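K.L.:
Give me a 3D structure for the following:
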Amino acid sequence: MVDHDDIIYPGTIPFALAHLACLAALWTGVTAGALAICIGLYLIRMFGVTAGYHRYFSHRTFRTGRVGQFLLAFLAQSSAQQGVLWWASKHRHHHRHSDTELDVHSPRQHGFWYSHVGWIFTRRHNDTDLDAVADLAKYPELRWLDRHQYLPAAVLAAAAWLVAGWPGLVVGFFWSTVLLYHGTFMINSLAHVHGTQRYITGDDSRNNWWLAVVTLGEGWHNNHHAYQRATRQGFRWWEYDPTYYVLKALSWTGLVWELGEPPADLVRNERPVGRAVVEKVARQLAASFHTDDLAARFRTARGQLEAALAQHPLPAIPTLAELKARAEAMYARSPSMDEIVARARELLVQATGMKGGAPRPA
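P.N.:
Predicted coordinates:
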């Protein structure tokens, strides 16, 4: 297991305080109104994360106007999961290097808890790669919002307090925020560990129905990795995807448009995968055979074979020079003699099953 001593970072302090704030319910009490606010804020802000941070800003799977874009970003950042440019840049990096050594949150490479939450609090992941989100960074209002990453969450916390007092703040805001943290983070961790794989994607992404329930459709993670440009992540009719249902309804009003759909042949798993995935999966398949052990066994077998051949050498295919000497003795001179000799040697190789004097592998 990798030693993650780099997690010591000031950013862990507000994260820990948000969890501790949930315990204040022992003093404020838990009211029905505060619980209703908690549930409502979880669902609304989870939609902001899934539709905003993920399907719009990270993957641009649908279009909206500039005002709609800003409102989506504001709603997403009310989840207190850092700025929209930071979130999108890290997620795009994840897809470019999914479950490789360069992936920022791969359970395979870094362990479950680091992929779940630890990676967020390392210095090397604190910066935003603006080159990766140049299409978003050109908007000054998004850059402003990204710089004031916790402003939307602070506004929402104040509103919860004004509406329902201290229970509204503690139960309504902080409980829903912490639940939202871990609901989102489970896609980085559990969705690469537990579930099924319908498509070859070259990584560990999984489809998990109960994660789809918790995250409003994000649990169909293997589907998503198979075709990232689809707004719909539940590719089959029975795959529950409330985020897509809401976006589809919004498209009828004209607030969003050009929702991406997965190609029919891909949904049926009839589309060949790309060359990069073929190469990645082929290397994984080859590595599964313990190549070091195979190489050692081949070296041993080769030594034994060479020793046996030294005592009982195999007959060799005649060389080109030998064939040409015989041909010149048998036939008249011809400018095609070299071609005839080369072809004759090919036929001898085919007829004897020999190549360079050694038996061909079966």
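K.L.:
Tally up the residues packed near Ala157, please.
P.N.:
Ala157 has 21 neighbours, counted by other Cβ atoms under 10 Å. Glycine gets a C-beta too; all of them are placed from N, C-alpha and C.
K.L.:
same deal with Phe185?
P.N.:
Residues lying near Phe185 (other Cβ under 10 Å) number 19.
K.L.:
same question, the one 5 residues further on
P.N.:
As a burial measure, Leu190 scores 22 neighbours (other Cβ under 10 Å).
K.L.:
who does the top helix by length along the chain touch, helix- and strand-wise?
P.N.:
The residue-count maximum for a helix in the chain (DSSP state H) belongs to helix 291-311. Contacting helix 291-311 under the criterion 3 or more Cβ pairs under 8 Å, 6 or more residues apart in numbering; DSSP states H and E is no other helix or strand.
K.L.:
Please work out which residues outside whichever helix or strand comes after that helix touch it.
P.N.:
For helix 291-311, the succeeding helix or strand toward the C-terminus, using DSSP states H and E, is helix 320-330. Contacts of helix 320-330 with the rest of the structure, by Cβ atoms under 8 Å, 6 or more residues apart in numbering, involve Pro318, Met337, Asp338, Ile340, Val341, Ala342, Ala344, Arg345.
K.L.:
What about the residues you listed, which are in helices?
P.N.:
Reading helices off these with DSSP H, I get Met337, Asp338, Ile340, Val341, Ala342, Ala344, Arg345.
K.L.:
In TSV, list those along with pLDDT and neighbour count.
P.N.:
Listed next are these as TSV, based on pLDDT from 0 to 100; neighbours: other Cβ atoms under 10 Å:
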residue	pLDDT	neighbour count
Met337	71	15
Asp338	82	12
Ile340	79	14
Val341	77	20
Ala342	87	12
Ala344	83	16
Arg345	82	17
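K.L.:
residues contacting Val49?
P.N.:
By Cβ under 8 Å, 6+ apart, the residues touching Val49 are Ala76, Ser79, Gln81, Leu180, Thr184.
K.L.:
same deal with Ile187?
P.N.:
Going by Cβ under 8 Å, 6+ apart, Ile187 touches Leu211, Thr215, Glu218, Gly219, His221.
K.L.:
Show me the strands in the stretch 51-200 of the chain, by range?
P.N.:
Assigned strands in the stretch 51-200 of the chain, in chain order: 63-64 (criterion: DSSP state E, counting those that start in this stretch).
K.L.:
one step back: present the contacts of Val49 as CSV; the columns should include pLDDT, distance to Met330 and neighbour count.
P.N.:
Shown next, in CSV, are those (pLDDT from 0 to 100; distance: Cβ to Cβ, whole Å; neighbours: other Cβ atoms under 10 Å):
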residue, pLDDT, distance to Met330, neighbour count
Ala76, 98, 84, 27
Ser79, 96, 86, 26
Gln81, 94, 83, 23
Leu180, 97, 87, 23
Thr184, 96, 81, 21
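K.L.:
Take those residues and keep only those in helices.
P.N.:
Ala76, Leu180, Thr184.
K.L.:
from those residues, which single one is nearest Val267?
P.N.:
Thr184 (25.9 Å; Cβ to Cβ).
K.L.:
His110 versus the residue lying closest to that closest one once chain neighbours are set aside, what's the distance?
P.N.:
Distance criterion Cβ to Cβ, 6 or more residues apart in numbering; nearest residue to Thr184, sequence neighbours excluded, is Val49 at 5.5 Å. To His110, Val49 is 22 Å away according to Cβ to Cβ, to the nearest Å.
K.L.:
Can you give me the pLDDT of Ala316?
P.N.:
pLDDT, Ala316: 76.
K.L.:
Thanks a lot, catch you later.
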